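Asks: Sequence and predicted structure are below.
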Amino acid sequence: MMQPMRLRSQGRGSPLLCLSAALLAVALLPGAAVADGVTPTEALRLRDEVKDMFYHAFDGYMQHAFPLDELRPLSCQGEDSLGGYALTLIDSLDTLALLGDKERFAAGVEWVGKNVRFDINKTVSVFETNIRILGGLLSAHLIASDYATGMKIESYDDQLLHLAADLAQRLLPAFDTPTGIPFGSVNLLYGVDDDESKITSTAGGGTLTLEFGVLSRLTNNTVFEQVTKNSVRGIWARRSKLNLVGAHINVFTGEWTQKDAGIGTSIDSFYEYLLKAYLLFGDEEYLYVFEEAYKAAMHYLHHDPWYIEVNMNSGATVWPLFNSLQAFWPGLQVLAGDVDPAIRTHAAFFSVWKKYGFTPEGFNLATSTVQNGQRSYPLRPELIESTYWLFKATRDFRYLDVGRDILASLQYAAKCPCGYCHISDVETHKQDDHMESFFLAETVKYLWLLFDLAVGPDNIVENGPYKYIFSTEGHLLPATPEISLVDEHCLYSEAFCNNSTDRGYISADGSSKHPSVNCTHFDERQTVSSQNSLSNVLSTTRGYIKGVCPGLSHAQKLGISYHDNTVEQNSRSHENPDESYTDQSSVQIQSSSVILISHPATSPPDEPLETGSRTQYLENIVVTGDSEPVEVSGSSEGSTENLAEDTTLGISEQIEVTAAEEVASQDIHIEDGTS
C-alpha cells in the first residue's frame, strides 16, 4: 500500500508557492500573454476566423462522418460513440442558429425530425444523452418554432419536441431507485440492464434539471422535472456535515463510494445546475442548496487561486490537482456575482494553458507537472467559457488576448485535415484521431461569442428577445414566459403568482384576486445592506424578476438534512425525501432572494455570507442582457502587477496531503463529455 503523501511548509521555498509565482507571472504580467492587445478590428478578424473554424469541422463531419455520431478528423471517417443518431449534428444545431445560418439550421432540423428515432436497442449514458441529445433537441426546437428568434422554420411542426419527449420517457427507468438518484446508463428499448452498475457520479445525477425541467414546461408533464429534482435532493440529503458531496455514490444505498470532494471531475456540473436551475426556473430550493454548497466549496476547497480535492467528511486534502474540468468555475462565479476570486482563478488556470499551449486533463500542483495518465486535451471548452463570462462582466480586453492565444493554439496544433483533433499529449502536441461533438456545441461557440461581443454583438444571445441560460453542453435555453415564469413566486404587475394553491393574479394596482397571495414588488434602485445574509438579501437580477415574494425558508420548509450513512449503509434506503418535509403551515414565512456572494472563503461555512459590492455584476451578465462595462477591482491593465501579487499566495503552506489509496495508486478517470 502506498504511504500517504505529505507536504510540509518550507517557508518561502514551498513548492506550491513557487508554482503559483512562476505560473501566474506568465499569465498576469503586462505584455506576457501577447505583444499587443486585441484591437476591435482584430477582434472582427478573429470572430470570422472562429466561424471558419466551425465550418471546417462541421463540413468535415457532414462530408465524412454523417450520419454517424462523431468525426475522426485525421482519417476523415466517422464513428458511433453514443447511440448512433447523428450526435454531432444534433449538438451543433443551435450553433448554426447562433451564427445566423438559417439554411443549414433548417436543413438539419428537417433531417433530424424525419430520420432520428430512439426506439433502438442501445445502452446509453443518461448524463451524456441528456446534455448532448435532449438539450440539443430542446434548444433547436425553441429556436425553430419562434418567430422572435429570426430562425423560425415555416414547415416545422414540433418534431424535435416530440423526439425529446420520447427520449426523456426512455430515460425515466433510470430514476427508479430507492434514493431517486438515477443509474448511470439505461437501454433505450428495454430499460435498465440487469447488470447495470449501481454506482454513479454526482454530476451524473445532478446535471439533469435544466433539460428535464424545460421539457416538463413545454409538454405540461411534470414527471420529468420532478424526478430530476428528487435526484438533486437525494444527493444533497447525503452530503457530509461539512456540506460537501463526494464524487461517486451508490444509487441504492446512498453510500458514497468515492468521498473526494472537489469542483472538477465527476462533480463540477452539480454546482453549475443548482444555480442555473434557479436562474432559469426561479425555484428557490435550488438557490438555497447552491448557497450552502458554494459556501462549503469556497471554505474547504479554495486555496486562492487554486482549488483542491478534500475528504468530504474531514476536509483533509487528498489531491492537490488542477483538472481541466475545474476551468468552468470562474464562469459560474461570474453568474453568482463573485467576480474577484473568479479573476484570480482564471489567471491561474490560464497560466497552465500558457505553459503547454493547452490545459492537460490533470496538472499536479505539488510537483507542477502534468499528472501521469492525464496528459491529453480533448478540445474542452471550460476555460474558453469562463473567459467569455469574465469579458462579459468586466469588458477587460485582457480576456480577448486570452481568446486569441487559445484560438492560435487550436489552429496551430489541433487543426487536422477534416476537423480538429484531440491532443493526446500537451507536451508533445501529438494529435489523436477524435473530435467530440462538444467542440462544435461549446468550444467554438464560446470563442465566437467572445469576439462577437467585442465588435458589437449581433446574435440572438446578446440582442435576441430573451435572456438565455447556457446548459453545461452550451445549449441555449431561453427564459421565455412559458419556461421561466410558470412557477415563479412573484413577477411583473398583472403577472402570475403561485404563493397559494389558488394561483392568483396580481392586478395593476397591486391588489390580488386571491387575498392569500402576497407579492412585494422590488424597487431596482434599492440598496442592499452588507449585513444581510444571503438568504435574506432583497436583490434581483434585472430582466428576470421584477419583484420579490415572501417565501418559506427552504431549510425549514423542506427539512433538508444530511443522511448518516454509517447507520444505514448496510440497508437499502427506500425512503422518499419528501417524507421528511415539515408542515409548511407551521413555518414562519421568510424572504427569499437572488443570490449575492462576496468572498465566502474568508468565513467559516456555518456563518452567513456577507454581501458586498457585487450587486452591479448581477446587472451586467447574461441574465440581464445589458452590455455596459463593469469596473472590477484589479481587472484593468494598470493593476495587473497588484493582481499578480494578490494571486501568488498559492495553496496554504500548511497543506497536508493524505492521498487515498485508490487515488495514489491509479490514474483518475475523466468522464467523457463536459463533466
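Replies: Yep, that arrived.
Asks: Just the mean pLDDT for the single longest helix found in the chain, thanks.
Replies: Determined from DSSP state H, the single longest helix within the chain is helix 40-64. Average pLDDT, helix 40-64: 97.
Asks: That one - contacts with which helices or strands?
Replies: The contact analysis (3 or more CB pairs under 8 Å, 6 or more residues apart in numbering; DSSP states H and E) places helix 40-64 against strand 70-72, strand 77-79, helix 87-98, helix 398-409, strand 419-420, helix 444-455. To be clear about C-beta, it is placed using only N, CA and C from the backbone, and glycine gets the same treatment.
Asks: Point out where the stretch 201-350 of the chain drops to low pLDDT.
Replies: The model of the stretch 201-350 of the chain has no residue with pLDDT under 70.
Asks: same question, the chain
Replies: For the chain, residues meeting the criterion pLDDT under 70 lie at 1-36, 486-675.
Asks: Now with 80, please.
Replies: The model of the chain has pLDDT under 80 over residues 1-36, 485-675.
Asks: Export the helices and strands packed on helix 40-64 as JSON lines, with columns for distance to His303.
Replies: Below are those laid out as JSON lines (distance: least, CB to CB, whole Å):
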{"stretch": "strand 70-72", "distance to His303": "37"}
{"stretch": "strand 77-79", "distance to His303": "40"}
{"stretch": "helix 87-98", "distance to His303": "35"}
{"stretch": "helix 398-409", "distance to His303": "23"}
{"stretch": "strand 419-420", "distance to His303": "34"}
{"stretch": "helix 444-455", "distance to His303": "27"}
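Asks: Now do the strands in the stretch 401-550 of the chain.
Replies: 415-416, 419-420, 422-425, 430-432, 468-470, 476-478, 520-521, 547-548, 550-552 (DSSP state E, counting those that start in this stretch).
Asks: any idea which of the ones you listed is most buried?
Replies: strand 419-420 (a mean of 28; mean count of other CB atoms under 10 Å).
Asks: Verify the stated contact: Gly254 with Thr179.
Replies: Yes: the criterion here is CB atoms under 8 Å, and Gly254 meets it with Thr179 at 4.8 Å.
Asks: And those two? Which one has more around it.
Replies: Shown here are Gly254 and Thr179; by other CB atoms under 10 Å, Thr179 has more neighbours (30 against 24).
Asks: Could I get the phi/psi values of that one?
Replies: Per-residue torsions, Thr179: phi -90, psi -10 (degrees, to the nearest 10).
Asks: check contacts around it.
Replies: Residues near Thr179 by CB atoms under 8 Å, 6 or more residues apart in numbering: 234, 238, 249, 251-254, 573.
Asks: which of these lies closest to Ser368?
Replies: The nearest member of the contacts of Thr179 to Ser368, counting by CB to CB, is Ile249 at 32.3 Å.
Asks: just to confirm, which helix or strand has the closest one in it?
Replies: For Ile249, the host element (DSSP states H and E) is strand 248-250.
Asks: In its sheet, which strands sit next to that strand, and in what direction?
Replies: Paired strands of strand 248-250, with direction, are strand 199-201 (antiparallel), strand 256-258 (antiparallel) (DSSP bridges).
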